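Engineer: Curious how this folds, go ahead:
(chains A, B, C and D)
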There are 2 protein chains.
Amino acid sequence: MHDVARLAGVSVGTVSAVVNGHTTIRPKLRKRIDEALRALDYHPNQIARSLKLQRTQTIGMVVPDVANPFFTSVAHGVEMEGQRRGYSVILCNTNEDLQQERRQLSILFSRRVDGVLISSSNYDAAKDRLTRRRFPIVFFDRIPPGYRGDAVLTDNFSAAYRAVQYLIGLGHRRVAIIAGALDLSVVADRMDGYRKAMQDAELPVPAPYIQRGDFKLQSGYLCGLELLRLPAPPTAIFSCNNLMTLGLMGAIVEQKISCPDQISVLGFDDFDWAASFNPRLTTMAQQMCEMGRSAMEMLVERIESPIPEPDSEQGHVVVLEAELRIRDSTAPPPSNPIS
Amino acid sequence: MHDVARLAGVSVGTVSAVVNGHTTIRPKLRKRIDEALRALDYHPNQIARSLKLQRTQTIGMVVPDVANPFFTSVAHGVEMEGQRRGYSVILCNTNEDLQQERRQLSILFSRRVDGVLISSSNYDAAKDRLTRRRFPIVFFDRIPPGYRGDAVLTDNFSAAYRAVQYLIGLGHRRVAIIAGALDLSVVADRMDGYRKAMQDAELPVPAPYIQRGDFKLQSGYLCGLELLRLPAPPTAIFSCNNLMTLGLMGAIVEQKISCPDQISVLGFDDFDWAASFNPRLTTMAQQMCEMGRSAMEMLVERIESPIPEPDSEQGHVVVLEAELRIRDSTAPPPSNPIS
DNA sequence: ATGAAAGCGCTAACAA
DNA sequence: TTGTTAGCGCTTTCAT
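Structural biologist: Numbering: from 1, shown residues only, chains lettered A, B, ... in the order given. Modelled structure (predicted):
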């Protein structure tokens, strides 16, 4: 910038004004400076700018698993909205590990990101460092118990309820669930939805029908095997996340059980290629991209809003509805169920 | 830092020394400062540090499609290695758009990232801004024609050759390919491998057996339909990327054609859930995570290496081998092919 | 309308 | 061994 100023024969202050589009510059000068900018291939140093302005135009996004299509879809939404509003995003993976999460947040904080988007069941790690300072943060998907701030999430209870209700409507009476760790809000809510739907239909829920996975593919496979080998196996399975659904399908193929003829499968989370599966997967689809977009929007609002929100005790919460996508993996129960 | 210094009754220089682990500090002082650090919950301001040091400990990663499992797996590798070495990564999506790519690079440059990892078929956008200044950059996966710098890529020719050879070995004589835009190095190489394998087996390659997709799911579906409707349809299809393979499988299911009984499918790129498919997918698996790790390693080397590489004209190139994972979507051709 | 200069938080060279 | 200080490149207030 110094060089540019010299080349154009003006002061750095003036160059800065031009770069930032201040209108108080004489057109003649402005043109001369523009040329110098061009000539020297000048790129503003955002680091210096950030230091002065105390804003980095960067936000951190912390997710438990970057390779999970759900989170990458959300990230996609975040990225797009961020770009629209002039924010870059630093992606951090915690691998479902609390230590990692703490470290990542600390790093982000040191980098002075303007805000954080996070999916985490643990409030403390974040509360610690971030909320205490009224730091802009919005939780998405997984909301820690007791958290009262900004968040965007799916109505998991309703989604699960409707999913199971659909299964029951098809005629199923033996419906099992593959859930996850109960301390995750998403899991607890989906479980509640499942229980309520079963209860409303006056259907029993034998203990073994409730399987606990860990949201990874392998656990879906294992839980699936468990379920299929039961003396009285379910005729329909509701799987609480995308990866576990995939694992479950693997188990079903391996056991040479026919879906949906012998067993129905309804998965949580849709993905582009759910319709490429054989059978095409019936899913309860979350609005992944929209979740990211909306979370980013909310975060930027928080960052840029001059008024720190009067009703500060209660944050904004956006609740997204999931949508049932009926395809071919669900059907009425077989007249003669397996075993 | 100023406050910390005052609290501990020392100068900022000393605090800086402690924070950076310089060993020339008296233990007593060090302890007092450590306590002050703790008491004030001090987090070093990396922005200021970056400005002073002219290093941000941040790299940019530019990919055509963040939602593609291939790139997210690579990103995962990048993230892990980056963390190990103290680098954060800013993820940028270009959506296969050259304009976008240019913009993203410009932003990254303004943010003074220490280096860039990029998958792009277009050298110019990158060359422009980055290579000209001997800026640390390593290409991965897609390498622009004529590029001579650092890169990590799969041996696509060999991979495709072996894939098609396997199909031929199974007895197939009518093998089709679903490729992509030819200006992509990966596509050209895989195509060459296919042709060579066919040629070596003295098998004909009718023009309609070469389908051109765009690496998106939908195009795999469309190309698949095209192929299946041919008067003399292939008995095996080699699909050049993961998403197109998925689309192809969708077409096959929809047409109620049985795979592998009536048609064999071999896809490029593996993913965790390829084994959950019905049938379990045979794939030519690239080392995605390793590609990311290796690219990051190479980039950090470039960034931190004090000597700017004597043989500067020719960059390092890491070539990864793909591995054939035989599952159930491939089988000998049917005795009575469709139509 | 433009220039001069202070200072954002940090590091490192130099002084003590 | 520790303190002092000059910038890193930018923005912005205050003079002019």
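
Engineer: Please count neighbours and contacts with C-alpha atoms only from this point.
Structural biologist: Will do.

Engineer: Strands along the stretch 201-339 of chain A, start to end?
Structural biologist: For the stretch 201-339 of chain A, strands defined by DSSP state E, counting those that start in this stretch occupy the ranges A:210-212, A:236-239, A:264-268, A:282-285, A:317-320, A:323-325.

Engineer: Save those strands as a markdown table, and put in distance to DNA strand C, mean neighbour count and mean pLDDT too.
Structural biologist: Shown next, in a markdown table, are these (distance: least, Cα to the nearest atom of the strand, whole Å; neighbours: other Cα atoms under 10 Å in any protein chain shown; pLDDT from 0 to 100):
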| stretch | distance to DNA strand C | mean neighbour count | mean pLDDT |
| --- | --- | --- | --- |
| strand A:210-212 | 45 | 19 | 97 |
| strand A:236-239 | 47 | 28 | 98 |
| strand A:264-268 | 45 | 27 | 98 |
| strand A:282-285 | 45 | 25 | 98 |
| strand A:317-320 | 32 | 17 | 97 |
| strand A:323-325 | 47 | 19 | 98 |
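
Engineer: Dump these into a markdown table; add distance to DNA strand D as well.
Structural biologist: Formatted as a markdown table, those follow (distance: least, Cα to the nearest atom of the strand, whole Å):
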| stretch | distance to DNA strand D |
| --- | --- |
| strand A:210-212 | 53 |
| strand A:236-239 | 51 |
| strand A:264-268 | 46 |
| strand A:282-285 | 43 |
| strand A:317-320 | 32 |
| strand A:323-325 | 45 |
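
Engineer: closest one to residue B:34 among those?
Structural biologist: strand A:317-320 (39.8 Å; Cα to Cα).

Engineer: Tell me the helices and strands packed up against that closest one.
Structural biologist: Under the contact criterion of 3 or more Cα pairs under 8 Å, 6 or more residues apart in numbering or on different chains; DSSP states H and E, strand A:317-320 touches strand A:151-154.

Engineer: Can you tell me the strand partners of the strand it packs on and which way each runs?
Structural biologist: strand A:137-140 (parallel), strand A:317-320 (parallel) (DSSP bridges).

Engineer: hang on, the earlier thing: quick one, which of the strands of the stretch 201-339 of chain A gets closest to residue A:8.
Structural biologist: strand A:317-320 (50.6 Å).

Engineer: so what's the closest residue in space to residue A:320 that isn't next to it in sequence up against?
Structural biologist: Closest residue to residue A:320 apart from its sequence neighbours, by Cα to Cα, 6 or more residues apart in numbering or on different chains: residue A:154 at 4.5 Å. Residues counted as contacts of residue A:154 (Cα atoms under 8 Å, 6 or more residues apart in numbering or on different chains) are A:141, A:286, A:287, A:319, A:320, A:321, A:322.

Engineer: Determine the number of other residues adjacent to the third one.
Structural biologist: Translated: residue A:287. The tally of other residues near residue A:287 (other Cα atoms under 10 Å in any protein chain shown) stands at 19.

Engineer: okay if I get the strands paired with strand A:151-154 as a markdown table plus distance to residue B:259?
Structural biologist: A markdown table is the format used below for those (distance: least, Cα to Cα, whole Å):
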| stretch | distance to residue B:259 |
| --- | --- |
| strand A:137-140 | 40 |
| strand A:317-320 | 38 |
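
Engineer: Of the strands of the stretch 201-339 of chain A, which is nearest residue B:216?
Structural biologist: Of all the strands of the stretch 201-339 of chain A, strand A:282-285 comes closest under Cα to Cα, at 20.6 Å.

Engineer: Now do that closest one: distance to the chain's middle.
Structural biologist: 16 Å (Cα atoms, centre = their mean, to the nearest Å).
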